[in-house]
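Asker: give the three-dimensional model of this entry:
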Amino acid sequence: MASFKAFLNSPVGPKTTHFWGPIANWGFVVAGLVDMKKPPEMISGNMTGAMCIYSALFMRFAWMVQPRNYLLLACHASNETVQLYQLSRWAKGQGYLPQKKEESQSQ
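Answerer: Next up, the predicted model:
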């Protein structure tokens, strides 16, 4: 019980924006994961690129802010991974990146 009370009142606990900000940002990660089932033609290259930059900037913020916000860092690192994958899907769909040989031979 004492450890729960310490977490509850900590500088990154649920009474602060250091907790609820990252929780809300996990929505970006979930949305990116859901979008993996959509065809690459539906991906916005501009928005995906903006999300990559956004997550990279906030990863640095999460690392530099005191106290360090590991929850926010994990959230944006996950979002960066998902968005970079989506950006690669978009680039392949637009013809900017070459397709794998197995994919091009089977078509």
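
Asker: phi, psi of residue 100?
Answerer: Main-chain torsions, residue 100, degrees, to the nearest 10: phi -70, psi 150.

Asker: do a quick rundown of the helices in the chain.
Answerer: Secondary structure of the chain by DSSP state H: the helices cover 2-8, 17-35, 45-64, 70-94, 101-106.

Asker: for the fourth one, packing partners?
Answerer: Yep, that's helix 70-94 we're talking about. Applying 3 or more C-beta pairs under 8 Å, 6 or more residues apart in numbering; DSSP states H and E, one finds that helix 70-94 makes contact with helix 17-35, helix 45-64. Quick note: C-beta positions are derived from backbone N, CA and C, even for glycine.

Asker: can you tell me the centre-most residue of the chain?
Answerer: Taking C-alpha atoms, centre = their mean, the centroid of the chain lies closest to residue 79, which sits 0.7 Å from it.

Asker: burial of the nearest residue in space to that one that is not next to it in sequence, as a residue count?
Answerer: Spatial nearest neighbour of residue 79, excluding adjacent residues (C-beta to C-beta, 6 or more residues apart in numbering): residue 55 at 4.5 Å. Close neighbours of residue 55, defined as other C-beta atoms under 10 Å, add up to 23.

Asker: next one: residue 48
Answerer: Applying other C-beta under 10 Å, we find 21 residues neighbouring residue 48.
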